[in-house]
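Take this sequence and fold it.
(2 chains)
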Amino acid sequence: GIQVEQSPPDLILQEGANSTLRCNFSDSVNNLQWFHQNPWGQLINLFYIPSGTKQNGRLSATTVATERYSLLYISSSQTTDSGVYFCAVVGGTYKYIFGTGTRLKVLA
Amino acid sequence: GAVVSQHPSWVICKSGTSVKIECRSLDFQATTMFWYRQFPKQSLMLMATSNEGSKATYEQGVEKDKFLINHASLTLSTLTVTSAHPEDSSFYICSASLDGQSGANVLTFGAGSRLTVL
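Numbers count the residues shown, from 1 in each chain, chains lettered A, B, ... in the order given. Alright, predicted model coming up:
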């Protein structure tokens, strides 16, 4: 099955800093989503982005499907951005496979 | 927007008892729901796909007799952990897909249920 690797696994930032999170996948995908899991466990959908670029406020994402990776950009980070960021992909089946996650901590 | 409700949020039970977790799509119909399990500081692992009106499809290694899934209606799927043991303690999360524009399969998650088996 598809392997989904995320980097870095852990990231500590000072408030106001920018960051880039990466998601690599081992095969072509039909769907890709980025999620933020807050400290209480709730998964929030950030982007549905099988290809191209999208922006939503301080967050933006780019997926280059032909090269099998996606990037999530966080600008001017805030303490509320802390949590775990997951990418999840759908390949030949209808099932979403989750990546390994990036654990982000933003310091005040 | 699409909302998925899951409860209970927390449950503590004694070893050997059964626990039922409910997952509801509040403002859309979900013919397919997914159940995930997450251990501390790990990623989400798909346990099974719940199909309305038919049997669930379990992932390899998931005991279907221990984790009973019922999808009785287009808005409700339930996961029952039978004869729970401490090793079943975990965070269980359900999700449903909403077909968006161009048939996009967008996942929306419930808030999760944290199970502790004593």
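
need the contact list for residue 71.
Going with chain A. Remark: with contacts taken as CB atoms under 8 Å, 6 or more residues apart in numbering or on different chains, residue A:71 is in contact with A:20, A:21, A:22, A:23, A:61, A:62, A:63. The C-beta positions use only the backbone N, C-alpha and C, and glycine is treated the same way.

wrong one, I was asking about chain B
Applying CB under 8 Å, 6+ apart, the residues near residue B:71 are B:33, B:50, B:51, B:52, B:53, B:54, B:56, B:77, B:78.

Among these, name the buried ones.
With neighbours counted using 16 or more other CB atoms under 10 Å in any protein chain shown, the contacts of residue B:71 contain these buried positions: B:33, B:50, B:52, B:56, B:77, B:78.

what does chain A have sitting close to chain B?
Listed as neighbours of chain B in chain A under the rule CB under 8 Å from any CB of the partner chain: A:30-31, A:33, A:35, A:40-43, A:45, A:48, A:50, A:86, A:88, A:90, A:94-101, A:103.

and chain B, which residues reach chain A?
B:32, B:34, B:36, B:38, B:41, B:43-46, B:49, B:91, B:93, B:95, B:97, B:100, B:104-109, B:111-112, B:114.

Residue A:80 should be in a helix, yeah?
Yes - secondary structure of residue A:80 (DSSP: H, G, I helix; E, B strand; the rest coil): part of a helix.

OK, contacts around residue A:13?
The neighbours of residue A:13, taking CB under 8 Å, 6+ apart as the test, are A:19, A:77, A:104, A:105, A:106, A:107.

Quick check: strands, which of these are part of them?
In this view, those that belong to strands under DSSP state E are A:19, A:104, A:105, A:106, A:107.

And what about residue B:17, helix, strand or coil?
Assigned by three-state DSSP, the conformation of residue B:17 is coil.

Please tell me how far it sits from chain A.
Residue B:17 is 23 Å from chain A, where distance means CB to the nearest CB, to the nearest Å.

does that residue really touch residue B:84, like I thought?
Yes - using CB atoms under 8 Å, residue B:17 is in contact with residue B:84, at 6.0 Å.

Same drill for these two, tell me which one is more crowded.
For residue B:17 against residue B:84, the residue with the higher neighbour count under other CB atoms under 10 Å in any protein chain shown is residue B:84, and the figures read 22 against 12.

Next up, phi/psi of residue A:77, please.
Listed backbone geometry of residue A:77 is phi -60, psi 150, with angles given as degrees, to the nearest 10.

What of residue A:23?
For residue A:23, the backbone dihedrals are phi -130, psi 120 (criterion: degrees, to the nearest 10).

Near it, how many other residues are there?
Here the number of neighbours of residue A:23 (other CB under 10 Å) works out to 26.

which residue packs closest to it, ignoring adjacent ones?
Distance criterion CB to CB, 6 or more residues apart in numbering or on different chains; nearest residue to residue A:23, sequence neighbours excluded, is residue A:87 at 3.6 Å.

give me the element that neighbour is part of.
Residue A:87 is located in strand A:83-90, with elements delineated by DSSP states H and E.

Just the buried residues of the following helix or strand past that strand, please?
Proceeding N to C from strand A:83-90, the next assigned helix or strand is strand A:96-98, under DSSP H and E. Neighbour counts using 16+ other CB under 10 Å place A:96, A:97, A:98 of strand A:96-98 among the buried residues.

close enough to count as contact, residue B:111 and residue A:44?
No - assessed by CB under 8 Å, residue B:111 is found out of contact with residue A:44, at 10.4 Å.

What pairs with the helix or strand of chain B with the lowest mean pLDDT, parallel or antiparallel?
Least confident helix or strand of chain B, by mean pLDDT, DSSP states H and E, is strand B:105-109 with a mean of 84. Each strand that pairs with strand B:105-109, with its direction, by DSSP bridges: strand B:90-99 (antiparallel).
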